[in-house]
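Asks: After the sequence you'll find the predicted model.
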2 protein chains.
Amino acid sequence: MRGKPMTIGRISKAAGVKVTTIRYYESIGLMGTPDRSESGQRLYGGDAVERLSFIRHARDLGFSVDSIRDLIALQTTPQADCAAIDAAARRQLANVGERIARLRALEGELERMVRSCEGGAVATCAVLASLADHDQCASDDHGPRDIAL
Amino acid sequence: MRGKPMTIGRISKAAGVKVTTIRYYESIGLMGTPDRSESGQRLYGGDAVERLSFIRHARDLGFSVDSIRDLIALQTTPQADCAAIDAAARRQLANVGERIARLRALEGELERMVRSCEGGAVATCAVLASLADHDQCASDDHGPRDIAL
DNA sequence: CTACAGTCTACAGCGACTGTAGAGACAAGA
DNA sequence: TCTTGTCTCTACAGTCGCTGTAGACTGTAG
Ligand SMILES: [Zn+2]
Ligand SMILES: [Zn+2]
Ligand SMILES: [Zn+2]
Ligand SMILES: [Zn+2]
């Protein structure tokens, strides 16, 4: 660990990850146990900032913690083939594509609902009617279950 | 409560909502406390099926439980103006639109990452390099935080 | 009567954090 | 040196929208 050791607050600011989140990442094995000062405070080197940035960027791109753990593990053998890493990225891409498709279906139905109501009493609200009965909307727009937005 | 009372299993099948989920909806006040048989089993009328369908359709469209609670409350005064309901639907529509936009940004960045790697060793993997450094990707694609996918 | 399916309550778990309480540690100013 | 204020520590509860489990009881068909 070269360079001056940094406290958790410093790497938190440096990487843009909250202190509590860093401790959480440590607890789930994404971050590895850091050195401690005599009084027990965590001490990090610059590599910790790099790893945090990596984790955060991957999270921002929607990778699960599990995937990120895998990606980190794959980095430990730099001479290996990167096919597994590329595959993980492609899986994530597909995942995002599916979510977009599902959300677009919702968007379409919501648009129709909103357009169809011309105001008036709750009793005759077209939005409410659409919500009460999916068959009434253009049929096969959104999936039946497992939205997992 | 007209019609033969139905058990929780029956309305579960009728509405396509799991038994445990129905009890959960009751516990959080979406469903109201049903009558009970002598032995303590819940007994529902057909209106329960309607309400469950309503809830499920709204959930499928991405409405939060809180919003649905509001929507249900608004239905209790059918002579009122439906503006609040329509506004809720428009809010949800905007919400979905934002999520789509964010996901499209992710999609773009992931596509670039995947395209840029031509295979080889982990040490030189372009996907990994992109993940390690957001500045390296086309800069302003995905937001800094709060993905809330 | 005997299976077996359905129902009951109460609580733990998911993912990915966030927030809290209560205690100890450290840097800077008076 | 004392004090003040900011960090840091651990451990645990809460978020959202469910899902699954355990262990007991009830209802129904053969
Ligand atoms: Zn309306
Ligand atoms: Zn629908
Ligand atoms: Zn690669
Ligand atoms: Zn990026």
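Replies: Thanks, I have it. Ligands and ions are numbered 1, 2, ... in the order given.

Asks: Return the residues of chain A in contact with DNA strand C.
Replies: Residues of chain A lying close to DNA strand C by CB under 7 Å from any atom of the strand are A:18, A:20-21, A:24, A:37-41, A:59, A:64-66. Heads up, the C-betas are built off the backbone N, CA and C, glycines and all.

Asks: swap the cut-off to 6 Å and go again
Replies: A:K18, A:T20, A:T21, A:Y24, A:S37, A:S39, A:Q41, A:R59, A:S64, A:V65, A:D66 (CB under 6 Å from any atom of the strand).

Asks: Tell me the one among these nearest to DNA strand D.
Replies: A:Q41 (3.9 Å; CB to the nearest atom of the strand).

Asks: Sort out for me which of the residues of chain A next to DNA strand C are in helices.
Replies: Residues of those located in helices (DSSP state H): A:T20, A:T21, A:Y24, A:R59, A:V65, A:D66.

Asks: which ones are touching the residue of chain A at minimum distance from ligand 4?
Replies: Closest contact between chain A and ligand 4, by CB to the ion, is at A:H57 (5.5 Å). Shown in contact with A:H57 (CB atoms under 8 Å, 6 or more residues apart in numbering or on different chains): B:L131, B:A132, B:D133, B:H134.

Asks: now check the longest helix anywhere in chain A, is it near ligand 3?
Replies: With secondary structure taken from DSSP H, chain A has its longest helix at helix A:83-116. Yes. For a cut-off given as CB under 5 Å from the ion, helix A:83-116 has contacts with ligand 3, namely A:D86.

Asks: for DNA strand D, what are the nearby residues on chain A?
Replies: Close to DNA strand D, as judged by CB under 6 Å from any atom of the strand, chain A has residues A:T7, A:I8, A:G9, A:R10, A:V19, A:R23, A:G40, A:Q41, A:R42.

Asks: Look up phi and psi at the residue nearest the centre of chain A.
Replies: Nearest to the geometric centre of chain A sits A:G62, at 3.5 Å (CA atoms, centre = their mean). A:G62 adopts backbone torsions of phi 90, psi 0, taken as degrees, to the nearest 10.

Asks: Wait, it touches A:Q92, no?
Replies: Yes. In terms of CB atoms under 8 Å, A:G62 counts as a neighbour of A:Q92; the distance is 6.1 Å.

Asks: Look at the residue nearest to the centre of chain A and report its pLDDT.
Replies: Confidence at A:G62, expressed as pLDDT, is 93.

Asks: Equivalent analysis for A:H142, please.
Replies: 66.

Asks: What residue spans form the domains of chain A?
Replies: Domain ranges of chain A: A:8-75, A:83-133, per automatic domain parsing.

Asks: Including distance to B:Q75, could the ones you listed go into JSON lines?
Replies: Compiled in JSON lines, these are given as follows (distance: least, CB to CB, whole Å):
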{"stretch": "domain A:8-75", "distance to B:Q75": "36"}
{"stretch": "domain A:83-133", "distance to B:Q75": "6"}
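
Asks: The longest helix of chain A and chain B in contact?
Replies: Yes. Judged by CB under 8 Å from any CB of the partner chain, helix A:83-116 comes into contact with chain B through A:83, A:85-86, A:89-90, A:92-93, A:96-97, A:99-100, A:103-104, A:106-107, A:109-111, A:113-114.

Asks: Among those, name the buried ones.
Replies: Taking 16 or more other CB atoms under 10 Å in any protein chain shown as the criterion, what is buried in the residues of helix A:83-116 next to chain B is A:85-86, A:89, A:92-93, A:96-97, A:99-100, A:103-104, A:106-107, A:109-110, A:113-114.

Asks: about what we covered before: compare the domains of chain A and give me the one nearest B:A14.
Replies: domain A:83-133 (14.0 Å; CB to CB).

Asks: what distance separates that closest one from the middle of the whole chain?
Replies: Relative to its chain's centre, domain A:83-133 lies at 19 Å (CA atoms, centre = their mean, to the nearest Å).

Asks: Ok, stretch A:22-32 next?
Replies: 16 Å.

Asks: do the same with stretch A:29-49
Replies: 24 Å.

Asks: for stretch A:41-60, same thing?
Replies: Counting by CA atoms, centre = their mean, stretch A:41-60 comes out at 16 Å from the chain centroid.

Asks: Buried residues of it, list them for me.
Replies: Going by 16+ other CB under 10 Å, stretch A:41-60 has these buried residues: A:42-45, A:48-49, A:51-60.
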